[in-house]
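**Q** Compute the structure for the input listed below.
(chains A and B)
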Amino acid sequence: MGKYDIEITKKIIAEHGFKDNEYENILKIMGRVPTYVELGIFSAMWSEHCSYKHSKHLLKKFPTKGKYILQGPGENAGIVDSGTKMAVAFKIESHNHPSAVEPFQGAATGIGGILRDVFTMGARPIACLDSLRFGNIKTKKTQHLFAGVVDGIGAYGNCVGIPTIAGETIFEDVYEDNCLVNAMAIGLVDKNKIAKGIAKGVGNPVIYIGSTTGRDGIHGATFASVELTEATKEKRSSVQVADPFMEKLLLEATLELIEKKLVVGIQDMGAAGLTSSSTEMSYRGGVGMEIDIDKVPKREKGMNAYEVMLSESQERMLMVATKGKEKAVEKVLTKWGLHAVVIGKVIKKQNVVIKEGGKIVADMPVEPVTDSNHKLFPRKNQIGVKPKYLKDINIKNADIKTPENLEATFKTLVASQNIACKNMVWEEYDHMVQTNTIVLPGSDAAVIDMKGTDVMIATSVDCNGRYTYLDPFRGGAIAVCESARNVACSGAEPAALTNCLNYGSPENKEIFWQFEQSLAGMRLAAKALKTPVTGGNVSFYNESPSGPIYPTPVIGMIGFIKDKKKRYATQFFKTAGDRIVLLGKNKDEIGASEYLKVIHGLIKGPVPEIEMKEEIALQKTLREGIKKGIIKSAHDISDGGLSIALAESCISGKLHGKKILGAYVEVRHAIREDSLLFGETQSRAIVSVSEDKLEALKKIADKHNLTIMEIGKVGGDSLIIKTAKEKMPYVEKINMKLLEIENLWMNGVKQYVG
Amino acid sequence: MKFGIIVFPGSNCDRDCLWAVEEMKQKGEFVWHDSKSVANYDALILPGGFSYGDYLRSGAIARFARVMDSVKTFADKGKPVIGICNGFQILLEAGLLPGAMLTNKTLKFICKYVNLSVENNTSPFTNKCEKGQILRVPIAHKEGNYFCDDTLLETLLANKQVAFRYCDEKGKINAETNPNGAVYNIAGITNKKGNVLGLMPHPERAMKETLGSTDGKIIFESVISYLKKR
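**A** Coordinates of the predicted model:
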């Protein structure tokens, strides 16, 4: 080892964000003072973002096996078996901090990263989903972030030609200074041609593909692992710049290389760029890698090894090819206007060796840098402590007065931020390119066709962060249940999930408790619903001086409709005269609801109960009813409760080119009126069936032991809801023209963002 | 019939166009952007997407692709050429169609189903339509605000070059039914001879009821029928 150009001072060590005894461990691993480049590599790989040091031991408890799973956690994306030649690769990831600082580029590069995670497996991306959270839409700041994020997602996905087919957009004050941008991608890969991020074969060339390396995004992974403050805003250079055209070329070239079997292993240079791809690929293959920094294509003059290794410039891939195939690789890349540059080779010694100007500037063992099981790898055995705020978190129903005018309450809710229509979001995304989008955005789940097979894919992303804040365990379980329920509402069987776990600082024991509890809730539901976890992403440190975000574990669910007839359902009513049926039990629950927040100004529990038995019964009934062609529409009851679900079933068809259809509803009940109309009791759905199929549906529900109640009829141009408490006569609570409801619903958010 | 589908770097509706052609039981092939000849095709499609990233201006770089010379020769011979979305933008930049494209009046990308009124049913692309027939076809673009001056508009009208206009489901044409601000609600035009069509909406996305509409088929049916008679 030559002399070190930069002396490692205490100041430099501190600047790299090492905690506890991490630096001492580096000294033990290296047996000497690390070089500046080595220090940078440790800093990036041991950052929370790359090392999962706070979360790994809990993530390991997720169920990861099942009949559909071909690839569980540990690779660039998870893969499930569709029962056809083509398997489904999918993953979700966050790009929160970059989006909070520079919304357009932050969101755009988030899409780029998740697409690369999918196509690096050899899968052609067929869909994107996005889960977005902002502060109050009435503030200028949120309007700015919202416009930039949506524009960025659209600009990227549209250009690459991947339809963004579903998502969610939530507004809560806690996300004002730390918005959440979670992006999910789905791709199709030939089961026999799955590529992996692995380096193998000593002497094989290590090839660099894609954009040049610039100074953008240096230490992006470290940036993602601290709280957002005024000072971090100065870290704008930690945000990368997107080039979707380059991504499109890279996508086509990568898939062609894999198709032509020229790839030994390949990985996106994502978080921590060349550092993570070289070390992780080496680790998975039990080999090492030698890289010559002088050969790496650079965007700027004078970039040194430290900057090159830690750059997070976008649209780059690292590939190991078979020795002797360099020419063939180059031919494919030239066709797509790209260059293949051999920057190194696979070596036997399990070290990453970095050379610059003929000198070795880093030579470090791969294992302790990447393997979380290594004894010197950082791990934080944090134990959570139940947060103090949970002490008086639940209301007593008796203390909340039911409003006198429930129609006025309904009007306020239907126009409220989280319930109002978000079509202005998905209309900025090309959601139809690739001509597979069967159910367009604006239904419970999106459905995409797998042409030439008997299979369709249903997918949804969901989380209610307020629930998780008020009751982390239930909130976690409900997030899994709701995403599965949405998929079931389209007629699909949920197969597997990916999760994006967004939390505040794990160093805070109370926040860590939220993390532990919500993961336990997710585990329970994922086991019960047989939807294993195939991977995802943990995003900690979502905090600003105004405080932490709600714990927000976003679930991305994948399900299959497997049937020659390819029957599926959408949420809106289909035919006048059809019967409206409520599946599931009404309970006296107003806690944690949108209603309690918007009407009473209270963010308080209790969070609705979740009973897995009831949930499974509901989902089975939905699936069977849809598959048999009995259920014509299905909509899950969530934010805003029964009345909002009914309203959406009436009016949302218009977004899909269908007529709006009214409803006449009578419900007999034994609970509070506001619980009935606006409560968010779980495991319920509104379905419609033709009159002659009513008995058949009842039989299915009985078979699964599910409560079922016929509550009304489709038709007319109004939504009329009458209720009757126990044996009392029916009283009209809501009677509104659909056009008026539609107007409120369509403009609730649009009025602020045009 | 054999359709050639030109693939530029950044084209992303190429596969959809091929699928649509095959749905119509016709042959289709991809034509790489640096090909020298397109003479052995019966019709050409310039698909949607973001050719060359749409850097500089939509279609501005693609017009210089090597294949464009032979596309011009092909069009000069009177053979049918369809430019969809980015393909329309390329045809404008290449001078195969008159006028220019501006950013949508909303300054945003718009993806949604719209209604089109068939203004001229004598072209190779609309001969199966009724005049005034309403087609439900999706749009997906940020630069689809067709612009021409009054003199050019008069010429287009005089020559019956306006193929489609944005309308509502009942055929009403006004500012409210204009999604992007296009002059005269223009969604598609042909050249003077009528054998080159450029349109912003995507007929290849409206080929199946499950995708929301089958109205796109009639455009392909028209071309096939025209080629059979030719």
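
**Q** Contacts only, for the nearest residue to A:Asp702 once chain neighbours are set aside.
**A** Of all residues not flanking A:Asp702 in the chain, A:Ile708 sits nearest, at 7.7 Å (C-beta to C-beta, 6 or more residues apart in numbering or on different chains). Backbone N, C-alpha and C define where each C-beta goes, glycine included. For A:Ile708, the contact set (C-beta atoms under 8 Å, 6 or more residues apart in numbering or on different chains) comprises A:581-583, A:621, A:697-698, A:701-702.

**Q** so of those, which ones are in helices?
**A** Of the contacts of A:Ile708, the ones assigned to helices by DSSP state H are A:621, A:697-698, A:701-702.

**Q** Pretty sure A:Val37 sits against A:Ile354.
**A** Yes. Counting by C-beta atoms under 8 Å, A:Ile354 is a contact partner of A:Val37 at 6.0 Å.

**Q** shared neighbours, these two?
**A** Listed as contacting both A:Val37 and A:Ile354 by C-beta under 8 Å, 6+ apart are A:305, A:309, A:361-362.

**Q** so which pair among the residues you listed is furthest apart in space?
**A** Using C-beta to C-beta, the shared contacts of A:Val37 and A:Ile354 reach their maximum pairwise distance at A:Met309 and A:Val361, which is 9.0 Å.

**Q** what residues are shared contacts of the two?
**A** The contact sets of A:Met309 and A:Val361 overlap at A:37, A:293, A:354 (C-beta under 8 Å, 6+ apart).

**Q** Can I get the residues you listed in JSON lines including distance to A:Thr169, pLDDT and secondary structure?
**A** Shown next, in JSON lines, are the shared contacts of A:Met309 and A:Val361 (distance: C-beta to C-beta, whole Å; pLDDT from 0 to 100; DSSP: H, G, I helix; E, B strand; the rest coil):
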{"residue": "A:Val37", "distance to A:Thr169": "42", "pLDDT": "94", "secondary structure": "helix"}
{"residue": "A:Ile293", "distance to A:Thr169": "43", "pLDDT": "97", "secondary structure": "helix"}
{"residue": "A:Ile354", "distance to A:Thr169": "43", "pLDDT": "97", "secondary structure": "strand"}
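
**Q** and of the residues you listed, the nearest to B:Lys193?
**A** Of those, the one sitting nearest to B:Lys193 (C-beta to C-beta) turns out to be A:Ile293, at 58.5 Å.

**Q** The closest one - how many residues pack around it?
**A** A:Ile293 has 25 neighbours, counted by other C-beta atoms under 10 Å in any protein chain shown.

**Q** quick one: it from chain B, how far?
**A** Distance, A:Ile293 to chain B, by C-beta to the nearest C-beta, to the nearest Å: 29 Å.

**Q** do you know how far that residue is from A:Val37?
**A** 9 Å (C-beta to C-beta, to the nearest Å).

**Q** which residues are common contacts for the two?
**A** What both A:Ile293 and A:Val37 touch, as defined by C-beta under 8 Å, 6+ apart, is the set A:305, A:309, A:354, A:356, A:361.

**Q** need the ones in helices among the contacts of A:Ile708 in JSON lines with neighbour count and pLDDT, can you?
**A** Listed next are the ones in helices among the contacts of A:Ile708 as JSON lines, based on neighbours: other C-beta atoms under 10 Å in any protein chain shown; pLDDT from 0 to 100:
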{"residue": "A:Thr621", "neighbour count": "27", "pLDDT": "98"}
{"residue": "A:Leu697", "neighbour count": "22", "pLDDT": "98"}
{"residue": "A:Lys698", "neighbour count": "16", "pLDDT": "98"}
{"residue": "A:Ala701", "neighbour count": "24", "pLDDT": "98"}
{"residue": "A:Asp702", "neighbour count": "11", "pLDDT": "98"}
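
**Q** Endpoints of stretch A:448-465, how far apart?
**A** Using C-alpha to C-alpha, to the nearest Å, the end-to-end distance of stretch A:448-465 comes out at 27 Å.

**Q** near chain B at all, that stretch?
**A** Yes. Stretch A:448-465 lies within reach of chain B by C-beta under 8 Å from any C-beta of the partner chain, at A:449, A:451.

**Q** For that stretch, list every residue counted as buried.
**A** Within stretch A:448-465, the residues that count as buried by 16 or more other C-beta atoms under 10 Å in any protein chain shown are A:448-450, A:455-465.

**Q** Show me which residues of chain B are close to chain A?
**A** With C-beta under 8 Å from any C-beta as the criterion, chain B meets chain A at residues B:9-10, B:12-13, B:15-16, B:19-20, B:48-50, B:52-55, B:106, B:108-113, B:136, B:138, B:140, B:142, B:202, B:204-205, B:207-208, B:210-213.

**Q** Could I get the full set of strands for the stretch 401-550 of chain A?
**A** For the stretch 401-550 of chain A, applying DSSP state E, counting those that start in this stretch gives strands covering A:437-439, A:446-449, A:455-462, A:493-502, A:533-539, A:543-544, A:547-548.
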